[in-house]
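1. generate a structure from the sequence data that follows.
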Amino acid sequence: MELREAKDRFIHTWGTLATQWGINRTMSQIHALLLLSPKSLNADEIMDELQISRGNVNMNLRDLMSWGIIYKQLLPGERKEYFIAEKDIWKVARLIARERKKRELTPIVDTIDDIKKNLKDNTEEGKEFQKIINDISSVSSFTEMTLDHIVKSEESWLINTFLKVFK
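-> Below is the predicted model:
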């Protein structure tokens with residue numbers, strides 16, 4: 001397999017995988033391109049490589065920077081902005097876990113906690129609702145705790161933990 005074909009295949013697959021996580025395909029493809037690139041790229045190079053519009057590139061670059069998985073890089077003598085991806089994949093995994101927790105898990109945990117504190121209904125339907133809310137709260141709390149460990153962990157801790165799970 002030629003490098004160009006392998007690179008295109010990886011970028012396509014990375015983008016497809018991301019949509020299954022609820023992440024924009026183009027955002028993920030830009031991330032994959034920057035991840036694979038040995039040098040920083042500017043918006044024009046990203047547009048040409050992925051055949052996408054400037055607006056799409058700029059919007060997704062801002063999102064990727066807000067996630068902390070790419071960085072702006074100013075090159076001496078260049079007026080254009082260049083972008084480079086974080087290359088430490090374990091750090092990328094922790095940053096993505098942190099961001100997904102913030103965007104997806106924290107809102108549901110906050111809502112569940114508020115409902116648990118304020119729901120005052122002793123009917124049969126109210127009790128069933130409280131049971132489901134408590135069950136969701138248990139799962140959410142476990143997930144939140146697990147993500148907190150991942151976000152704060154180092155590569156060796158993650159590997160050792162996962163190996164213990166599969167023994």
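
2. from here on, contacts and neighbour counts on C-alpha atoms
-> OK.

3. for residue 87, helix, strand, or coil?
-> coil (DSSP: H, G, I helix; E, B strand; the rest coil).

4. my guess is it contacts residue 35. True?
-> Yes. With contact defined as CA atoms under 8 Å, residue 87 reaches residue 35; the gap is 6.3 Å.

5. tell me the secondary structure of residue 71, please.
-> Secondary structure, three-state DSSP: residue 71 is strand.

6. measure the residue in the chain sticking out farthest from the centre to residue 111 for me?
-> Using CA atoms, centre = their mean, the residue of the chain lying farthest from its centre is residue 123. It sits 40.9 Å away. Distance of residue 123 to residue 111, given as CA to CA, to the nearest Å: 21 Å.

7. cool, residue 8 as well?
-> 41 Å.

8. neighbour count: those two, which is higher?
-> Just comparing residue 8 and residue 111: by other CA atoms under 10 Å the higher neighbour count belongs to residue 8, 16 against 12.

9. phi first, then psi, for the more buried one.
-> Main-chain dihedrals, residue 8, degrees, to the nearest 10: phi -60, psi -40.

10. mind listing what it touches?
-> Not one residue lies near residue 8 by CA atoms under 8 Å, 6 or more residues apart in numbering.
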